[in-house]
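> 3D, please:
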Amino acid sequence: MSSSSSTASAAVAAASSHELPDCSYLSPPTLIKPLIPTPSHTLYLSNLDDQPFLRFTIKYLYLFSNPSSSALPDPEALRASLSKVLIDYYPLAGRLRRSPEDERKLEVDCNGEGAVFVEGAMEIRAEEFLGVYRKKPNRSWRKLLYRVDARTFSDVPPLVVQVTKLQCGGMILCTAVNHCMCDGIGTSQFLHAWAHLTANQNGSPPSPSPFHSRHVLRPRDPPQITSRIPLFTKPATRDNTYNLTLHLQSQPLVPVSVVITPSLIARLKHRCSPPLKCTAFEATAAHTWRSWARSLGLPPALISKLLFSVNVRRKLSPPLPEGFYGNGFVLACAECTVVDLVGGSENLHHGVRLVQQAKSAVTDDHVRSVVDYLETDRAARPDLSSSLVISEWSRLGLENLDFGGGRAYHMGPVASDVYCLFLPVAGEAESVTVMVSVPENAAEKFEYYMSGGSLGDEREKENRANYGSHGAEVRGLLTCEYAANEITSLSTTTN
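Residues are numbered from 1 along each chain as shown. Next up, the predicted model:
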């Protein structure tokens, strides 16, 4: 059999199993340095930046087809524009290290060492990825993002880029940005600046310019924890021995992806009785939390949490400077018993109200208290023992990225995880894709509940039988006191 036939057979076999074929690297990884010398100094990271649960990389995947009207930029053009954009975003060309003053703190050595850039090729076409591989994200997608050989998390360069050429002339662009450097807003700001300089080779960087100083988020001296922070505390109740993290780690997980359309969002809002004015995010978040708890069959008396990011740039007094380039968010926390969340009916009023209350609790005082709490306990991690974590990517403009050859046909994560992602839908600005990994035996139920198909059917009757009769008993047993103990570890990755 010829080499080309073997390659084609391997690609067909991979497609049938939803496994991507291997990636061939066309050259060794290179370091892209800023085009001109940049400030050399140590960059302070705030307590919101380097908290333990953010010590991982944000991994984006973009699929670009090769339109007949305009060609995509070649890797050399991407390298050139990356070196330009790193002038303003120079900390991404530096290296993380532990602070000599406190080894539990991280800081950035802005040394201009450079971002990692890798060029590869894969024997697939853009339409194959759209038609087959996109439906079932799996670990083979990691072939599209170069894995740096590093001993520790801080040894991995803050920015890693891989450009993979496809058979059809299209490309897949994957980026890994260290979350300690910036949040979703920051990554979007950087990617749009890079795309702009690629498409406009003689243009100037777009506004706003990044504001790198994090000193505006320094803790108070002495620390003042004046706001309740349920994010870090595990409920102390007689029926809270269930550990969801251990349960999920004990079995295979499969990704589930559901598109929430404007019509479904309208139906969700209509399910709030009495009527409650709410945003699309609030309705979708409450619906996702409820569907997730139902599909997993969580114990009725368990106190479940919904954790979701809230942008605090305009919630602080004074507001953070325009272009603030750090982690400008905290996790809001909604919580209640499973029976109160899912039992009895399809009414979303209670869940939506909990989400709204959690959002409104994120005030200037609350953010300052979180910063100060992390100063007193650098090992603090969110309580994930019975929590769903939602990361909102659908309103960051990530789907509008254009390097000069048109917008991406697909945008999403490199791999699915137990975190729940709200993703943009290409060409449907008001829709959102909800993606999360759940146990295999819960996947069909989660997709069913998320699609809004449970009204008045047998599964809903079963749900009421399972949860509805427990309400009075459970409410009589539970208290609303919480203790700060047993912080559950959150798994992280180095790349």
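
> mind naming the longest strand for the chain?
Looking across the chain with DSSP state E, the single longest strand is strand 428-439.

> quick check: mean pLDDT of the next helix or strand after it?
Remark: after strand 428-439, the chain's next helix or strand is helix 440-450, criterion DSSP states H and E. Confidence over helix 440-450, taken as the mean pLDDT, stands at 95.

> counting contacts, what elements does helix 440-450 pack onto?
Packing contacts for helix 440-450, counted by 3 or more C-beta pairs under 8 Å, 6 or more residues apart in numbering; DSSP states H and E, involve strand 253-260, helix 280-296, strand 428-439. Quick note: C-beta positions are derived from backbone N, CA and C, even for glycine.

> relative to strand 253-260, how tilted is it?
Helix 440-450 and strand 253-260 are oriented at 10 degrees to each other (axes from the mean of the first three to the mean of the last three C-alpha atoms, to 10 degrees).

> phi, psi for residue 244 please.
When read as degrees, to the nearest 10, the backbone of residue 244 gives phi -60, psi -40.

> now do residue 310
Torsion angles, degrees, to the nearest 10, at residue 310: phi -130, psi 120.

> gap between it and residue 42?
29 Å (C-beta to C-beta, to the nearest Å).

> and these two? which has more neighbours close in?
Between residue 310 and residue 42, counted using other C-beta atoms under 10 Å, the more crowded position is residue 310 (18 against 14).

> surely the more buried one touches residue 332?
Yes - under the criterion of C-beta atoms under 8 Å, residue 310 lies in contact with residue 332, with a separation of 4.8 Å.

> residues in contact with the helix or strand where residue 86 lies?
Under DSSP H and E, the secondary-structure element containing residue 86 is helix 75-88. Under the contact criterion C-beta atoms under 8 Å, 6 or more residues apart in numbering, helix 75-88 has outside partners 30, 32-36, 38, 73, 92-93, 114-115, 117, 119, 161, 163, 190, 193-194, 197-198, 201, 205, 209-210, 403.

> let's see the helix or strand following it as CSV, backbone CA atoms only.
Remark: after helix 75-88, the chain's next helix or strand is strand 95-98, criterion DSSP H and E. What follows is strand 95-98 as a C-alpha-only set of coordinates in CSV (Å, rounded to 0.1, in the frame of the first residue of the first chain):
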residue,chain,number,x,y,z
ARG,A,95,7.7,34.2,32.1
LEU,A,96,5.9,33.4,35.3
ARG,A,97,7.9,32.8,38.5
ARG,A,98,7.4,32.6,42.2
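
> strand 95-98: how far from the chain's middle?
Here strand 95-98 shows a centroid-to-chain-centroid distance of 23 Å under the convention C-alpha atoms, centre = their mean, to the nearest Å.

> before we move on, what about stretch 25-43?
When distances are taken as C-alpha atoms, centre = their mean, stretch 25-43 is centred 26 Å away from the chain's centroid.

> give the rounded mean pLDDT of that stretch.
Stretch 25-43 comes out with an average pLDDT of 97.

> please apply the same query to stretch 118-134.
The average pLDDT within stretch 118-134 is 89.

> now it: buried residues?
Residues of stretch 118-134 classed as buried under the neighbour-count rule (16 or more other C-beta atoms under 10 Å) are 118-120, 122-126, 128-129, 132-134.

> sounds good, over and out.
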